[in-house]
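>>> Mind folding the following:
(one chain, ligands or ions: 1)
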Amino acid sequence: MCGIVGYVGGDQVSPVLLEALRKLEYRGYDSAGIAVVGEKEKLQVRKIKGRLSNLELLVSQQPVQGTCGIGHTRWATHGEPSDINSHPHTDVSAKIAVVHNGIIENHASLRLWLEKHHVVFRSQTDSEVIAHLVDFHYNGDLLLAVRETVKRLQGSYAIAVICEDFPGMLVVARKDSPLVIGRADSYTMIASDVPPLLCHTREVQYLEDLELALLTKDEVTIYNLEGEVQQREVFHVDWDIEAAEKCGYEHFMLKEIFEQPKALHDTLFSRINEGKIALNPKIQEALSHCDHLLITGCGTAYHAGMVAKYVIEHFAKVRVEVDVASELRYRTPLCKAGDVAILISQSGETADTIASLRLLKSLGVVTIALTNVVGSTISREADLVMYTQAGPEIAVASTKALTTQLMCLYVIALVMTKTEPGLLLEHLMQLPEQAQLLLDKQEDIQRFAARQFNKDKVFFMGRLTDYAISMESALKLKEISYTHSESFAAGELKHGPIALVDQSTLVVAMCTQPALFAKMDSNIKEVKARGATALVITFDTVHDFDTTADEVFRIPTTEPYFSPILTVIVSQLYAYYCSVLKGNDPDKPRNLAKSVTVE
Ligand code: M6R
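Predicted coordinates for the structure are as follows:
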C-alpha cells in the first residue's frame, strides 16, 4: 500500500524524506519519489520506478535543496509502475506537488472535467487529478485550495501538498486512509504510519476523516471542511526505535517471531494485578452482560477471532459469531443493542474492519477495539479499546500481532467464564516461557523446511482450535512462500479435499485435542495411504502419532485450547524458512501490503 511522508523544519529535507521512506518500505511499493521546495529554489521533483535505492541514486546525481518536502512510495493500482506514474504529481505549471495514498473513485469524471479546462495529464494515475484540482482552486491560499479540492474527491485519501510559493508550509488532508502527524520543537512531520516518525518524535496527532492540517515548522493547525479549527489530543508512542529496526536479524519477520515471548509476557502481565486479571472495568462490565459476542477482522486477525470462538464458547458458554470484516460490512448482521463486538486489527487502519465497526456502532452494539497501534482509527472510533503490547510489527506477514491478539482473547475468555480462572490462568502465564522453549528448537523446523520446501501442495488440518489455527498456518505459508496451501477441518477431508492428496502433498496435522487424537490418527492414515507426507504437531508428552506420522514436532504441553499460540509459532517458522529457501524476501511478499487501507 502506498506510503506518504512529509517534513517542514530547519534541516535539509531530502535525507529526512529518504530515511522516512525507508521506514515505510515494509508496506510494499514499486516506485518512489520526493518533492522539495526551498527559500530560493523552485519546486524540485525526483521520482523513479523501482526500489528506493534507485531514488537515492537519482537524488545523489541531481540533488534537491530545501527544508520542506513530501515523499511517496507507490504501490500501483491505477496505471503500471513507471517513472511517470510515480508520485509526487504536479500541476501543469509544476509549482504544486501532491502525494496521495488511497483511491480516488471519481477520478475519471474529474479528469474529463479538467481536460475540458485544458489540463493535459501526464500519468495514468487517479492521483494526478488532485494536483490539477488544487491548482484550479489556488488563488494564493494553499489551505483553501486543498479544502476546495477534497470537497470534490470521492474515495479514500491521505494527501500531502506543497507549493513553491510557501517554502515553509505543508498542507495535509485525509479520508479513510491513515495519516499521522509528528510534533517536535523545531519541525513537524507527517507519515502514513508511526515507524518513520520514531527517530524524530514520540508525540503524535491523528487527523480524523474529512479534516485538513496546515503544518509549519513550529505549528500544526487542524481544520474541518468548514474551515473551523479543531482541537486534537497528542498521543505519546512508547515504542522504542530498536523495535522498528532489524537489530541483526536477517528479516523483520524472523525478528518478530523471536519477539513473541516478550510480547506475550507484556500483553498478559500488564493485565494481571496481584495474581488476578484486571481489565479496564468498562470492558469487564460489557463482557459480563454479554450473551452474543461478534468478532471480526481480516486475514490473520480473523483467524484470531476463529480461535476465540472455540475458546469462549467452550469456557464461557457464550454464543460467538465470527465473520471476515469484508463480508460483515455488506451483510445483515442479526444483532441487538447491548451485544458486544470485538474488532481485531493489528494496524487499526484496515478499511473493511473500520467499515464493520461503523456498521455495528450504528446498530447499537458495544464495540471493543483489539489493536496494536495507539491512536489508530479503530482505537479512536470504538467505544472501548484493548491494546496488544506487541510493539511495531513491520513484516507484512503478521506473527507477534496474532499471538498477542490470542493472548488478549484468552484473557477475555477467562473474564467471561465468571468462575475463578485458577489453573487456566496459570497455563496462560506459562505461555511466554513455553514460546521461548519452542523457539530454542527452531533448527528442527529449519531442517524440516529444508527437506519439504519444494512440496507442490501443503494442507494443514485439525479439529476445533487446531482447525482454526490451521487456517492461519496455511495463510502464512501461501503469503510468503507462494506455495499452494489450504486448511481443512480434518473431518471434512472425506467430503472432498482428499481428492487432491497425492505424493506431492505435505499434510501438517495439528493434534492438540486429546479427545480427538484417535480421529486425527485415522485422518493421517487416510492421507498417508494416498502417498502424502505427514507432519504431526502435538504436545511433548504425546506419543499417539509416533508410528503413523513421518515426522512429529513436539510443543510444550499446555491447556489444549491454548495450544494455538504455540502451534502457530511452528507454522510461522516453517513458512519463514520455506520462503527463504525459495529465494523470496519474506518481509516483502509479492502483491501484498502491510496495511490494507482501501477495499
Ligand atoms: O492490520 P490488520 O490486522 O487489520 O490487517 C489484517 C490483514 O490484512 C492482515 O492480517 C494480513 O492478513 C496479514 N498479511 C497476514 O499475515
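>>> for the closest residue to residue 50 other than its chain neighbours, what are its contacts?
Distances taken as CB to CB, 6 or more residues apart in numbering place residue 31 nearest to residue 50, at 6.5 Å, with adjacent residues excluded. Every residue, glycine included, has its C-beta placed from N, CA and C. Listed by CB atoms under 8 Å, 6 or more residues apart in numbering, the contact set of residue 31 reads 47, 48, 49, 50, 73, 74, 76, 81, 82, 83, 85, 86.
>>> Quick one: residues in contact with stretch 214-226.
6, 8-10, 67, 143, 147, 150-151, 168-172, 181, 183, 186-188, 190, 205, 207, 210-213, 229-232.
>>> just checking, which of these belong to helices?
Among the contacts of stretch 214-226, the members found in helices (DSSP state H) are 143, 147, 150, 151.
>>> Output those of these also counted as contacts of the ligand.
Among these, no residue lies close to the ligand (CB under 6 Å from any ligand atom).
>>> Go through those residues and name the one nearest residue 294.
residue 150 (33.1 Å; CB to CB).
>>> Give me the pLDDT for the closest one.
Residue 150 carries a pLDDT value of 97.
>>> Quick check, it in contact with residue 158.
No. Using CB atoms under 8 Å, residue 150 is not in contact with residue 158, being 10.8 Å away.
>>> neighbour count winner among these two?
More crowded of residue 150 and residue 158, by other CB atoms under 10 Å: residue 158, with 25 against 19.
>>> Give me the secondary structure label for the more buried one.
Assigned by DSSP: H, G, I helix; E, B strand; the rest coil, the conformation of residue 158 is strand.
>>> Let me see the contact set for it.
4, 100, 101, 102, 172, 173, 174, 177, 178, 179, 192, 207.
>>> at 10 Å what do you get?
Counting by CB atoms under 10 Å, 6 or more residues apart in numbering, residue 158 makes contact with 2-4, 99-102, 172-180, 190-192, 207, 597.
>>> From the ligand, how far out is the closest residue to residue 169 other than its chain neighbours?
Nearest residue to residue 169, sequence neighbours excluded (CB to CB, 6+ apart): residue 216, at 5.8 Å. For residue 216, the distance to the ligand equals 32 Å [CB to the nearest ligand atom, to the nearest Å].
>>> How about residue 380?
Residue 380 is 15 Å from the ligand, by CB to the nearest ligand atom.
>>> what does residue 470 give?
Applying CB to the nearest ligand atom, the value for residue 470 to the ligand is 15 Å.
>>> again, but for residue 237
Note on residue 237: its distance to the ligand, by CB to the nearest ligand atom, is 17 Å.
>>> burial of the closest residue to that residue other than its chain neighbours, as a residue count?
Nearest residue to residue 237 in three dimensions, chain neighbours excluded: residue 202, at 4.9 Å (CB to CB, 6+ apart). Residue 202 is flanked by 18 other residues according to other CB under 10 Å.
>>> Could you tell me how far residue 202 is located from the ligand?
21 Å.
>>> can you check residue 205 too?
Counting by CB to the nearest ligand atom, the gap from residue 205 to the ligand is 21 Å.
>>> How about residue 181?
Distance from residue 181 to the ligand, by CB to the nearest ligand atom: 20 Å.
>>> Next up, the contacts around the residue in the chain that the ligand sits nearest to.
Residue of the chain nearest the ligand, by CB to the nearest ligand atom: residue 299 (1.9 Å). By CB under 10 Å, 6+ apart, the contact set of residue 299 is 324-326, 345-346, 350, 397-398, 402, 471-472, 475, 479, 592, 596.
>>> which ones among those residues are found in helices?
325, 326, 402, 471, 472, 475, 479.
>>> which residues are common contacts for residue 150 and residue 158?
Contacts common to residue 150 and residue 158, judged by CB under 10 Å, 6+ apart, are 173, 174, 175.
>>> Determine the number of other residues adjacent to the last one.
What that stands for is residue 175. Residues near residue 175, counting by other CB under 10 Å: 20.
>>> For the closest residue to it other than its chain neighbours, which residues are in contact?
Once flanking residues are discounted, residue 175 sits nearest to residue 209: 4.9 Å by CB to CB, 6+ apart. Residue 209 is in contact with 156, 173, 174, 175, 176, 177, 354, 377, 381, counting by CB under 10 Å, 6+ apart.
>>> Among these, give me the pair with the biggest separation.
Checking those with CB to CB, the most distant pair is 173 and 381, at 18.5 Å.
>>> When those two are compared, which one has more neighbours?
When neighbours are counted by other CB under 10 Å, residue 173 and residue 381 differ, and residue 173 comes out ahead with 27 against 18.
>>> For the more buried one, give the beta-bridge partners.
For residue 173, the beta-bridge partners under DSSP bridges are residue 159, residue 212.
>>> Can you give me the distance of it to residue 119?
As judged by CB to CB, to the nearest Å, residue 173 and residue 119 stand 21 Å apart.
>>> and what of residue 454?
Distance, residue 454 to residue 119, using CB to CB: 53 Å.
>>> which one of the two has more residues nearby?
Under the criterion of other CB under 10 Å, the comparison of residue 454 against residue 119 puts residue 119 first, with 19 against 12.
>>> pretty sure the more buried one contacts residue 135?
Yes. Contact between residue 119 and residue 135 holds when scored by CB atoms under 10 Å: they sit 8.3 Å apart.
>>> Can you work out which residues contact both of the two?
91, 92.
>>> where do the strands sit along the stretch 451-599 of the chain?
Secondary structure of the stretch 451-599 of the chain (DSSP state E, counting those that start in this stretch): strands at 457-462, 484-489, 505-511, 533-539, 551-555.
>>> Rebuild those as CSV, extending it with mean neighbour count.
Below are the strands of the stretch 451-599 of the chain laid out as CSV (neighbours: other CB atoms under 10 Å):
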stretch, mean neighbour count
strand 457-462, 26
strand 484-489, 20
strand 505-511, 27
strand 533-539, 24
strand 551-555, 19
